[in-house]
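# Next input, structure requested:
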Amino acid sequence: MVDQQATTFSISDLAREFHITPRTIRFYEDQGLLSPMREGRTRVFTRRDRTRLKLALRGKRLGFSLVEISYLIGMYDRARDKNTQLSEFLNGLQQRKEALLQQREDIEAVLQEVCNFEQQCRQLLLARAASESATTVVSSGTGSGVSKTASTAAGKAAKADKAA
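So this is what the prediction gives:
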């Protein structure tokens with residue numbers, strides 16, 4: 001485990017701690033969310049960078065866009081009044097919650113539609129199977145009682161086909 005009291009961290013330390021790849025950390029650096037110091041070619045991250053990375057990963061997990069994450073983290077740096085930052089974060093959370101609730105509603109509607117089509121397909125398959133077995137019985141010429149039953153089943157199957 002990474003010593004969270006340490007003054008500086010390597011890219012490997014942060015990658016290990018947050019279970020992400022160094023490439024992900026470099027991506028956040030490229031996006032301006034992290035600004036590590038350099039010692040030769042080695043990146044050296046501060047506690048500030050570690051906190052910013054933690055906030056970025058949390059924002060990502062919550063579904064915020066990179067622009068929103070950058071805005072909120074920027075507020076963290078600039079805000080003298082933490083209430084403003086918290087209010088903005090709360091507003092972002094509310095918008096995200098509303099979007100997720102709408103997505104859930106949309107998914108439930110699509111699932112209901114899928115279930116309805118699934119049921120219609122099963123009914124059509126049953127009707128067609130009944131129609132095919134009735135046609136087989138009729139063509140074998142086993143008697144008028146069977147022919148009448150077969151023609152009734154065939155008629156129902158035809159009606160089911162038309163309904164679909």
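
# C-alpha only now, for contacts and for neighbours.
OK.

# Have a look at the chain and report its longest strand.
Longest strand of the chain, by residue count under DSSP state E: strand 42-46.

# Relative to that strand, what are the paired strands and their orientations?
strand 8-9 (antiparallel), strand 37-39 (antiparallel) (DSSP bridges).

# Check which residues of the helix or strand that the first one is followed by are buried.
Okay, so that is strand 8-9. As assigned by DSSP states H and E, the chain's next helix or strand after strand 8-9 is helix 11-18. Applying a neighbour-count criterion of 16 or more other C-alpha atoms under 10 Å, one finds 11, 13-15 buried in helix 11-18.

# With stretch 108-121 instead?
So, applying 16+ other C-alpha under 10 Å, stretch 108-121 has no buried residues.

# need the helices for the chain, in chain order.
Per DSSP state H, the chain carries helices over the ranges 11-18, 22-30, 47-61, 66-78, 82-140, 144-163.

# what packs against the fourth one?
Judged by 3 or more C-alpha pairs under 8 Å, 6 or more residues apart in numbering; DSSP states H and E, the packing partners of helix 66-78 are helix 47-61, helix 82-140.

# In terms of secondary structure, what does the last one contact?
When you say that, I think you mean helix 82-140. helix 66-78, helix 144-163.

# Which of the ones you listed comes out lowest on mean pLDDT?
Sorting the helices and strands packed on helix 82-140 by mean pLDDT places helix 144-163 lowest, at a mean of 54.

# Which secondary structure element of this protein has the lowest mean pLDDT?
helix 144-163 (a mean of 54; mean pLDDT, DSSP states H and E).

# how many other residues sit next to the residue nearest to L55 when sequence neighbours are not counted?
Nearest residue to L55, sequence neighbours excluded (C-alpha to C-alpha, 6 or more residues apart in numbering): I73, at 7.1 Å. Applying other C-alpha atoms under 10 Å, we find 21 residues neighbouring I73.

# What of T84?
13.

# any idea how far L53 is from A15?
Using C-alpha to C-alpha, to the nearest Å, we find A15 at a distance of 10 Å from L53.

# Identify the contacts common to the two.
I25 (C-alpha atoms under 8 Å, 6 or more residues apart in numbering).

# among the strands paired with strand 42-46, which is nearest Q123?
Across the strands paired with strand 42-46, Q123 has its closest neighbour in strand 8-9 (63.7 Å, C-alpha to C-alpha).
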